[in-house]
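Visitor: requesting a structural model of the entry that follows:
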Amino acid sequence: MPPTWLDLNYRGTCKLPHVEGNAALQVTKLSHRYLSLKEDVLDEVSFTINPGERVALVGPNGAGKTTLLKLILGMENIVRGDIIVFGHPARHSLHHVAVVPQRSGVDWRFPVSVRQVVMMGRYVHLGWFKHPRKIDFEAVDSAMETMKIQDLADRQVGELSGGEQQRVMLARTLAHDADLLLLDEPLNYVDLATQELIFHTLEDLTAGGKSVIVSTHDLGVLTVHFTRVLFLDKKIIADGAPDEVLTPQTIAKAYGFEFHKDYHPWTSS
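Guide: Got it, this is the predicted structure:
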């Protein structure tokens with residue numbers, strides 16, 4: 001059975017080191033089709049992400065964004081194409097990758113505390129049957145402090161608000177200390193304070209050389225919080241700096257509608 005979002009921790013994965021000079025992520029001619037569908041949900045998708053990039057993954061519902069993240073994470077099998085993470089096939093580099101899933105993809109009824117969820121981020125470092133060490137507890141405490149959830153440590157995750165749950169999942173990712181972070185629509189159902197905390201945390205991480213991919217529908221945040229935008233609709237529609245690719249023409253092509261030539265949705269209130 002493939003791993004679920006909440007227990008995705010990669011115990012026992014081999015820990016291959018980075019290959020110096022390689023990209024954080026290289027996707028080449030990646031296509032994917034679910035057995036229940038007649039058409040590909042991804043069609044020869046290719047792109048490269050380097051260390052330190054903060055990339056927004058943008059596209060309509062059904063564009064393949066979540067499928068792409070699942071393929072990188074090993075939650076779906078790669079049949080056509082290649083995914084290379086820090087110089088190695090993705091399945092051998094899962095310890096370098098961490099994820100903040102969509103809230104709707106997590107079973108919040110699972111009976112675990114906030115601290116236990118954040119500790120899941122350390123499992124990749126523990127291996128099988130090992131108990132957390134001092135360094136693991138310190139990493140968990142630091143992650144919870146960064147996300148301002150220390151006072152929630154003993155609460156059940158299912159009792160929390162949407163914004164608090166997102167903070168917990170990001171804290172788990174911070175505890176993992178991965179080099180490539182994938183966030184699937186982390187801004188949904190969170191308040192402005194949590195959004196700003198997420199963005200500031202991601203900026204600090206990429207300033208330290210880590211790479212971040214954020215799936216989002218919020219076009220208004222692209223020019224402020226990201227260094228690059230990938231427009232995806234089964235294929236790569238556009239790829240580049242936000243002020244270069246965020247155009248009415250790109251949006252029309254990706255979403256299937258047009259704006260008035262003088263209307264700029266990313267600057268309007």
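Visitor: does E44 sit in a helix, a strand or a coil?
Guide: Following DSSP: H, G, I helix; E, B strand; the rest coil, we place E44 in the strand state.
Visitor: what about it, how many neighbours?
Guide: The criterion is other C-beta atoms under 10 Å. On that basis, E44 has 14 neighbouring residues. (Each C-beta comes from the backbone N, C-alpha and C, glycine too.)
Visitor: avg pLDDT for stretch 248-259?
Guide: On average, the pLDDT along stretch 248-259 is 77.
Visitor: buried ones in it?
Guide: With burial defined by 16 or more other C-beta atoms under 10 Å, the residues of stretch 248-259 counted as buried are P248, T250, I251, A254, Y255.
Visitor: centre of the chain to the strand or helix carrying the third one, how far?
Guide: Here I251 sits within helix 248-255, counting by DSSP states H and E. Once both centres are worked out by C-alpha atoms, centre = their mean, to the nearest Å, helix 248-255 turns out to sit 23 Å from its chain's centre.
Visitor: cool, stretch 192-211 as well?
Guide: 12 Å.
Visitor: contact partners of that stretch?
Guide: With contact meaning C-beta atoms under 8 Å, 6 or more residues apart in numbering, stretch 192-211 is reached by 24-25, 49-55, 146-148, 163, 166-167, 170, 174, 178-181, 183, 186-187, 190, 212, 214, 221, 225, 227.
Visitor: show me these that map onto strands.
Guide: L25, I49, R54, V55, L180, L181, L183, V212, V214 (DSSP state E).
Visitor: separation between the residue nearest in space to the middle of the chain and M120?
Guide: Compute the mean C-alpha point of the chain, and by C-alpha atoms, centre = their mean the closest residue is L182, 1.6 Å away. Distance, L182 to M120, by C-beta to C-beta, to the nearest Å: 16 Å.
Visitor: then D136?
Guide: Following C-beta to C-beta, the distance that separates D136 from M120 is 11 Å.
Visitor: re earlier: tell me the pLDDT of the residue nearest to the centre of the chain.
Guide: Note for L182: predicted pLDDT of 95.
Visitor: residue contacts, it?
Guide: L69, I72, L73, V97, A98, V99, V100, I213, S215.
Visitor: ok, T227 to T146 distance?
Guide: Distance from T227 to T146, by C-beta to C-beta: 21 Å.
Visitor: got a list of what E53 touches?
Guide: Neighbour list for E53: A24, T206, S211, V212, T227, R228 [criterion: C-beta under 8 Å, 6+ apart].
Visitor: count of neighbours near the third one?
Guide: The local packing count at S211 equals 25, with neighbours defined by other C-beta under 10 Å.
Visitor: give the buried residues for stretch 213-230.
Guide: Those would be I213, V214, S215, T216, L219, V221, L222, H225, F226, R228, V229, L230, for stretch 213-230 by 16+ other C-beta under 10 Å.
Visitor: just give the nearest non-adjacent residue to the second one, would you?
Guide: Across the structure, with C-beta to C-beta, 6 or more residues apart in numbering as the measure, the residue nearest V214 apart from its sequence neighbours is L183 (4.5 Å).
Visitor: that neighbour contacts A98, doesn't it?
Guide: No - here L183 does not reach A98: they are 9.4 Å apart, not a contact under C-beta atoms under 8 Å.
Visitor: now the common contact residues for those two.
Guide: Shared contacts of L183 and A98 (C-beta under 8 Å, 6+ apart): T173.
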